[in-house]
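In: Fold the following and give me the result.
(chains A and B)
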Amino acid sequence: MTTPAPAGRFRKRLLRAEPSFRIFSKLWQVSWLYVLLICALAGVGYVALYSAGGGSARPFAGPQAMRFGFGMVTMITLAMLPPRILTKLAIPLYGMSIVLLVAVLRMGHVGKGAERWIMLAGTQVQPSEYAKVALALMLATWFARVPYAKMGNPLRLIVPAILVLIPVGLVLKEPNLGTAVIIGGIGASMFFAAGMRLWQIVLLAVPVPFLLKLAYAHLHDYQKARITTFLHPENDPLGAGYNIIQSKIALGSGGMWGQGYLHGTQGQLNFLPEKQTDFIFTTIAEEWGYAGGVAVIGLLLVLILGGMMMAIRSRNRFGRLLALGISVNFFLYCLVNLSMVMGAIPVGGVPLPLVSYGGSAMLNVMIGFGLLMSVWVHRNSRYGEETDEDA
Amino acid sequence: MMWKPRRKKRDGLRRLLPIREQKDSGRGVFTRRALLIMAVQTAALGELGRRLYDLQINSGDHFAKLADRNRTSTRLLAPPRGLISDRFGTVVAANRTNWRALLLPEETTDVEGTIERFSSFIPLEERDSTRIARELRHKRKFVPVMLREFLSWDEMARIELNSPSLPGVMIDVGTTRSYPLGPLLAHTVGYVGPPNEQDVAKSTLLALPGMRVGRAGIEQSQDQLLRGQAGSVQMEVNSVGRVMSELDRQDGTPGDELALTLDVGLHQAVQNRIGDMAASAVVMDCRNGEVLAMCSTPSFDPSLFDSGVSRAQWAEWTSDQRTPLIDKTVAGVYPPGSTFKPAVALAALKAEVITPTDRFFCPGHYDLGGARFHCWAKHGHGSVDLHLALKYSCDVYFYEVAHRLGMERLADTSHALGLGTKLDIELPHQRAGLIPTPAWRQKHKHHWNGGDTIVSGIGQGFVQVTPLQLATYTSRIATGRAVQPHLVRAVNGEIGAQIDPQHWPEMDLNPHMLKAVREGMYAVVNEQHGTAPKARLNLPGITMAGKTGSAQVRRVSRAMRESGHFNSANLPWEYRPHALFICFAPYDDPRYAVSVVIEHGNAGAEVAAPLARDIMTDTLLRDPVNHKTAPGQTVANAD
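Out: All right, here's what the predicted structure looks like:
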């Protein structure tokens, strides 16, 4: 009953005898349309980074393409793993991400005020990036064992709440407000989708304003500065407000059809800060105009909604929640980054997934897509649903 | 199809959107809530799209303008300063091309090593090295630092030859102001210096590197003309201000070229005559006021001011009793002494207090209210009329005339003649001198004594004039026209109207009065027993009229006078009288006027008169106003 394909007896036997056929059939199950969309987004990134590098594959676009290739392999590999194995990986991965978060607090290097990274196997690693995916996997694993009927019991929610709060607290301590919000958002959406009762949600929502007030009091000065700067960027045009103003100028100068590829004056003349990382979208919108910007946003939306549809389509609770967590993660990445470059929220080091230059973020996103694809490939698996149906 | 789940055809939608499940496994709740999240996601990205529309389309123009302002930088180009030449085109102030070696720090990996290698090819002075080190610390990496300026061809060749071992070193050309004649015209032409903060506040043009402001002489008074209009170059710059490309260039207008009235050759001759005395001499075209030579000695080298004057040099200048930094022709004020007598005579004739034939008796002294005023001739000149009084320079005659005339009328006529008043000459730092009046004396809370009028009658007391005023006054007596001295003859080759004698108004003086005074001045030089026989010209058919003057700088006490052994030549240099002489020639058709003042030269007749004669001789022989090119100079290009 659990094994999915009630095909002919011969084929069944053949598959059991020759595992490589199974791999092929699984590869066939990968949503290649979705992979094509991912490649399209990475292609946008390549084109933008080529421009950010001053019309050259070096130093950004080339290495990024290599990373994407590596990420692609990682993604397809992960897509082959069934839920059974993924759930087994959840606790070690989650534990490792927490250890890394602690380690980075102890001996990490700080870049530009918040981005903390440590050297691991010769590369810079940002543990907070991995914590997001690890958390989504961990929560999905946990909720897979808590059927919807038992979600009403608050005691069942205590452990996952702690699972969320640990990385949020550690990331806040880094301090990286943007990532902490994203991690919190992933947790909240998964709690919501897992079937928290409405009264529980209301109960939790009431103290939020007070918590926010408390949190603001504990913000770092530079974070407060970002908030005030965000509200009044003109007050400090060369200091903290510089990024926002220059970014807005670049966007505005793009107009409808843009200044032309490799001809964006703000980007090419280095007025844009961080144009290859956080502000890559600005470069795109300056050179390709509103048309290009909207096209990128549309592509992102298709990817997000596609991920969400994969979640809905999954026939096991684990898959549904995992896919939702990953999609929400991807969505929050885009939302925070885009809002930031448009000056809608205070600036914080959140890259645009697959487009921005950066290894950790790229690999993290590709791992996320790998997990998502695994959910899709195993969408008809009834993994972990037995208890549900037995109850 | 391999390993494909069985498809239930009847519930396709339920498989796609499993909102309700038979058993409440939470899948329906999940789907509903996931759809809600998707709606939120779509709305959020939609809102971002709308916001992007706002930024890019609605306020796009505004931001596009800001982006343009970001990327372009307009820089002004310093216009070349106008040249100054003399009346025959000899350049007296030019722009010298200045070849400089610059180092662009960002183009070399080893700045210290490059500088060290550079100094092995072209030695750097200690002062240069410290300046370079300071500039390297303060300037940004893409701003070049000047290593050495005024490179010779040889040095440039050495740099070019070794350029492979000198990364980042380049040769650049700028200009500095140069004065080919050095100290010769320093006072008149002046000099330039870097602008200070007040200058920059007045004109942003001066903020440009390489701009200079006139600090003295013609350079200062004609600064606006010489400065020119700035050009501009629009450049595309990046965020740190480095120039990426040039978008537009508009060359500026160079400063106007000035041709002065001076004749450098004559000026040089006058300078040679004076030698190293502390003296000044002015040669004017008395028909139109063109200044042909104005010498103030000693002088200084004006180009030192552009690069900076050393402390030792400055101390030398300021401690010299002969005041090399002061232009004595316009800023040196002296009692005119007897050279003032023609003015007194004209004032008296105009006021009709005397006629030319009125005679006064000179016993050698003049008594007024218990005070005794001496004539320079101890035993007097006997009975003298105006002609003899000027010829002998009789003091007693002019004491009496001044007494009759009164100070106010004397002052009015003196001013009309150009004495004790500022002239229109294009020189800053001009001093007005003074013709004292009782009103002036009262303003300074002093009583005017009758004796003050008496001594004014012989150009002593408070009377003070400049050598240029003396030359102007001589010109006005010679021609009867109120000429004003001027130095600028042509701007960009266009000669002004002032060259025509008719441009200058006739003075309010009867010609017969002028004639009487001129005849007296003729007698001074040419008649027997005149005071300045030494001034007689040794030129056939040309005669000169003049007037001597010896101006005391210290009152001669009665004791000294009565000791009988008094001789001013025995006084220390700084107490000796100034020697003055004014003259014009040719007498019958006046063309040139000359004034000479020799500081502490003792006697006008002995020292100043021969010098004036020599200067006048040089002038007449050169005759610069009647030549198109410099006399005595073969024009190289003439076929």
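
In: pLDDT value on the residue in the stretch 51-200 of chain A positioned nearest to chain B, please?
Out: Of all residues in the stretch 51-200 of chain A, A:Tyr148 sits closest to chain B, at 2.4 Å by C-beta to the nearest C-beta. Yep, even glycine has a C-beta here, placed from its N, CA and C like the rest. A:Tyr148 carries a pLDDT value of 84.

In: Might one say that it is in contact with B:Val29?
Out: Yes: assessed by C-beta atoms under 8 Å, A:Tyr148 is found in contact with B:Val29 at 6.2 Å.

In: Now for the two: what residues contact both?
Out: In terms of C-beta atoms under 8 Å, 6 or more residues apart in numbering or on different chains, A:Tyr148 and B:Val29 are both contacted by the residues A:Gly195.

In: and the nearest residue to the residue of the stretch 51-200 of chain A closest to chain B once chain neighbours are set aside, what does it touch?
Out: Take A:Tyr148 and drop its neighbours on the chain: the residue closest to it by C-beta to C-beta, 6 or more residues apart in numbering or on different chains is B:Gly26, 2.4 Å away. Counting by C-beta under 8 Å, 6+ apart, B:Gly26 touches A:Pro147, A:Tyr148, A:Ala149, A:Met151, A:Ala194, A:Gly195, A:Arg317, A:Asp388.

In: go on, B:His387?
Out: Per C-beta under 8 Å, 6+ apart, neighbours of B:His387: B:Pro356, B:Ala516, B:Glu519, B:Gly520, B:Ala523.

In: rerun that using 6 Å as the cut-off
Out: Applying C-beta atoms under 6 Å, 6 or more residues apart in numbering or on different chains to B:His387 gives the contacts B:Gly520.

In: For the stretch 251-391 of chain A, which residue gets nearest to chain B?
Out: For the stretch 251-391 of chain A, C-beta to the nearest C-beta, closest residue to chain B: A:Gly252, 2.0 Å.

In: Surely that residue touches B:Asp54?
Out: No: A:Gly252 is beyond contact range of B:Asp54, at 9.4 Å (criterion: C-beta atoms under 6 Å).

In: Who has more neighbours out of the two?
Out: A:Gly252 (25 against 14; other C-beta atoms under 10 Å in any protein chain shown).

In: Which residues are in contact with the nearest residue to that one once chain neighbours are set aside?
Out: Spatial nearest neighbour of A:Gly252, excluding adjacent residues (C-beta to C-beta, 6+ apart): B:Phe63 at 2.0 Å. Contact partners of B:Phe63, counting by C-beta under 6 Å, 6+ apart, are A:Ile249, A:Gly252, A:Ser253.

In: what mean pLDDT does the longest helix seen in chain B have?
Out: Identified as the longest helix of chain B according to DSSP state H is helix B:27-53. Rounded to a whole number, the mean pLDDT of helix B:27-53 is 92.

In: what's it packed up against?
Out: helix A:177-194, helix A:280-313, helix A:317-341 (3 or more C-beta pairs under 6 Å, 6 or more residues apart in numbering or on different chains; DSSP states H and E).

In: Just name the most buried of those helices.
Out: Per-stretch averages of neighbours, counted by mean count of other C-beta atoms under 10 Å in any protein chain shown, single out helix A:317-341 among the helices and strands packed on helix B:27-53, with a mean of 28.

In: Can you name every helix or strand that it contacts?
Out: Going by 3+ C-beta pairs under 6 Å, 6+ apart, helix A:317-341 lies up against helix A:127-144, helix A:177-194, helix A:280-313, helix A:359-377, helix B:27-53.

In: Serialize those to CSV and add fields for distance to B:Tyr191.
Out: Putting the helices and strands packed on helix A:317-341 into CSV (distance: least, C-beta to C-beta, whole Å) gives the following:
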stretch, distance to B:Tyr191
helix A:127-144, 68
helix A:177-194, 64
helix A:280-313, 53
helix A:359-377, 65
helix B:27-53, 62
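
In: what's the closest of these to B:Arg100?
Out: B:Arg100 lies closest, by C-beta to C-beta, to one member of those: helix A:280-313, at 39.9 Å.

In: Start and end of stretch A:344-356, how far apart?
Out: 19 Å (C-alpha to C-alpha, to the nearest Å).

In: mind giving me the domain split of chain B?
Out: Chain B resolves into domains spanning B:75-260, B:264-298+B:326-626 when parsed by automatic domain parsing.
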